[in-house]
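Asks: sequence and computational prediction follow.
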Amino acid sequence: MNLRGQKIGPYEILEEIGRGGMGVVFKARHEKLGRLVALKMLAPHLAGNPKMRARFLREAKLQADLIHPNVVNIFDYLEEGENAFLVMEYVAGQTLEEMLLKKGHFSVEETLHVAEGVLEALSFMHRKGVIHRDIKPSNIMVTDTGLIKVTDFGIARLAEDEAPITQVGGKVGTLFYMAPELLKEGKLSPAADLYSLGVTLFQLLTGRVPFTGKTEYEIIEAHLKKPPPEIEKLNPAVPKELASLIKKALAKRPEERFKSAEEFLVAIKALKGAQPQSSRVSPKSPRVSLPFSFQRRYYWLLLAALALILLVFLWLHFHKPRKGIIIPAQVTLPSGGVGGGRVLAPSVLTGERENLLPPPKPFEKKVKPRPKPISHKGPRKQVVKPFPEGKIEKSSPQRGEGGWIIRK
């Protein structure tokens, strides 16, 4: 079915991104807001079935109340003719099932990170009275930033719902993850989700499920009677503490498992804190060596920033600036000086702008002039000698000189 380019309400379908037993998932965009969403359409051969349509609507109602970072949120429910659609959060990433096909198995640190994210979601859902009932790698997503998201609430039920829920012979893939009490009695409890998570964690670490068989009957018998294989023998890198936690989650009787998802979460966090180096899952690369893909980018950005700071420091330390005159911001030169009262921006006056101010005068050592020697050439002044006693009169000038005489 090709619905690319068609509009469902305010959403334009861009491409198909997934397909399952109950329907098809499309990538779509809101025509006005531009927001990307995932449109889950109920399969056409099921849309005419009133029971399946009611189940599809129940999924929408249950998931609409579960707003949590580790849960794929739902925004709306739409009907177009005979077709029904769920408008969900678009998650850019991969499922654990897709990553297992590429990686083979996960590391201990990656598995602990997945367990922590799923248990955060299960703790929230169980407090709301919702039991997922289908925890498995294909229903757990890892975003491009490493965030764990639980999705697909198609067979989720409220804890107080007493309707029959187990139907063996339907979906064999789900049978590998079903708790013994569900297979035997159809008894619903939060412990069933913890059992399914235990099977999922076992598969992440070893690349295989703990209970297998050629027929559905053999698989059910393995769940009911056979103990799980020793995980340390399949993967020696798994610590005994983690192996014991998974073994407890896979207990046959619900009362022998963890009392709640919160208790399981506390044990996982304690073990994760004891690890020498924690790691998160990134779907970008099959083998993960750093916690997150975005943390790797930030690591290189930090190195580049430090290198830039070092270069600036070295340049400031060794660079010799050119000589010039620095004028502070908005300095107005006096009208009488060079520049004629013009407002200048802060700069170092070099090159073509040096003519705005006169160049500095060269240093000159000031030397006092030596006195000129007295010349004896030319007229001399008359030396006046002491006069004798008598009347003093002014004499007539002789050769342009004046003098005094004494008359007795």
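Replies: Alright, I've got the coordinates. Numbers count the residues shown, from 1 in each chain.

Asks: rest of the way, CA atoms for contacts and neighbours
Replies: Will do.

Asks: which non-adjacent residue is nearest Asp144?
Replies: Gly93 (5.0 Å; Cα to Cα, 6 or more residues apart in numbering).

Asks: report how many residues lie close to that neighbour.
Replies: 18 (other Cα atoms under 10 Å).

Asks: quickly list what it is bridged to.
Replies: Thr143 (DSSP bridges).

Asks: for it, give me its contacts.
Replies: Contact analysis of Gly93 by Cα atoms under 8 Å, 6 or more residues apart in numbering lists 141-144, 283.

Asks: return the member of the residues you listed nearest to Pro190.
Replies: Met141 (20.9 Å; Cα to Cα).

Asks: circling back to that earlier point, which one (most neighbours) among the contacts of Gly93?
Replies: Met141 (28 neighbours).

Asks: isn't that residue right up against Glu98?
Replies: No: Met141 is not in contact with Glu98 according to Cα atoms under 8 Å; the separation is 9.4 Å.

Asks: related to what we said a few turns ago, please produce a markdown table containing the contacts of Gly93, extended by distance to Phe75 and pLDDT.
Replies: Formatted as a markdown table, the contacts of Gly93 follow (distance: Cα to Cα, whole Å; pLDDT from 0 to 100):
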| residue | distance to Phe75 | pLDDT |
| --- | --- | --- |
| Met141 | 18 | 92 |
| Val142 | 20 | 94 |
| Thr143 | 19 | 92 |
| Asp144 | 21 | 90 |
| Pro283 | 25 | 50 |
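
Asks: now, which of those sits nearest Pro254?
Replies: Met141 (26.5 Å).

Asks: just checking, the closest one is part of a strand?
Replies: Yes: with DSSP: H, G, I helix; E, B strand; the rest coil as the criterion, Met141 is assigned to a strand.

Asks: list the contacts of Arg19.
Replies: Counting by Cα under 8 Å, 6+ apart, Arg19 touches Val25.

Asks: what residues are bridge-paired with it?
Replies: Val24.

Asks: pLDDT averaged over the lengthiest helix in the chain - what is it?
Replies: Looking across the chain with DSSP state H, the single longest helix is helix 293-318. Throughout helix 293-318, pLDDT has a mean value of 75.

Asks: beta partners of Leu42?
Replies: Counting by DSSP bridges, Leu42 forms beta bridges with Gly23.

Asks: so it sits against Met22, correct?
Replies: Yes: applying Cα under 8 Å, one finds Leu42 in contact with Met22, separated by 5.9 Å.

Asks: coming back round to it: other SSEs contacting the longest helix of the chain?
Replies: The criterion is 3 or more Cα pairs under 8 Å, 6 or more residues apart in numbering; DSSP states H and E, and there are no helices or strands that helix 293-318 contacts.

Asks: tell me the secondary structure at Phe26.
Replies: Under three-state DSSP, Phe26 comes out as strand.

Asks: ok, Arg208 next?
Replies: Assignment for Arg208 (three-state DSSP): coil.

Asks: Glu110: neighbour count?
Replies: 21.

Asks: that one should be in a helix, yeah?
Replies: Yes: checked against three-state DSSP, Glu110 lies within a helix.

Asks: against Leu242, how distant is it?
Replies: 13 Å (Cα to Cα, to the nearest Å).

Asks: same check, this time on Thr143
Replies: Thr143 is 25 Å from Leu242, by Cα to Cα.

Asks: show me where pLDDT drops low in the chain?
Replies: 1, 21, 153-173, 275-299, 319-368, 371-408 (pLDDT under 70).

Asks: try it again at 80.
Replies: 1-3, 19-22, 59, 62-63, 152-173, 186-187, 273-301, 315, 317-408 (pLDDT under 80).

Asks: contacts for stretch 215-226, please.
Replies: 169, 172, 175-176, 179-180, 183-184, 211-213, 252.

Asks: in ChimeraX, how would I select just the buried ones from these?
Replies: Per 16 or more other Cα atoms under 10 Å, the buried members of the contacts of stretch 215-226 correspond to this ChimeraX selection:
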select :175,176,179,180,183,211,212,252
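
Asks: need the contacts of stretch 215-226 in TSV (columns: distance to Phe124 and secondary structure).
Replies: Formatted as TSV, the contacts of stretch 215-226 follow (distance: Cα to Cα, whole Å; DSSP: H, G, I helix; E, B strand; the rest coil):
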residue	distance to Phe124	secondary structure
Gly169	31	coil
Val172	28	helix
Leu175	25	helix
Phe176	25	coil
Ala179	20	coil
Pro180	24	helix
Leu183	25	helix
Lys184	27	helix
Phe211	28	coil
Thr212	31	coil
Gly213	34	coil
Lys252	24	coil
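
Asks: quick check: phi and psi at the nearest residue to Asn139 once chain neighbours are set aside.
Replies: Of all residues beyond its chain neighbours, the one nearest Asn139 is Thr151 (5.3 Å), with distances taken as Cα to Cα, 6+ apart. Main-chain torsions, Thr151, degrees, to the nearest 10: phi -130, psi -180.
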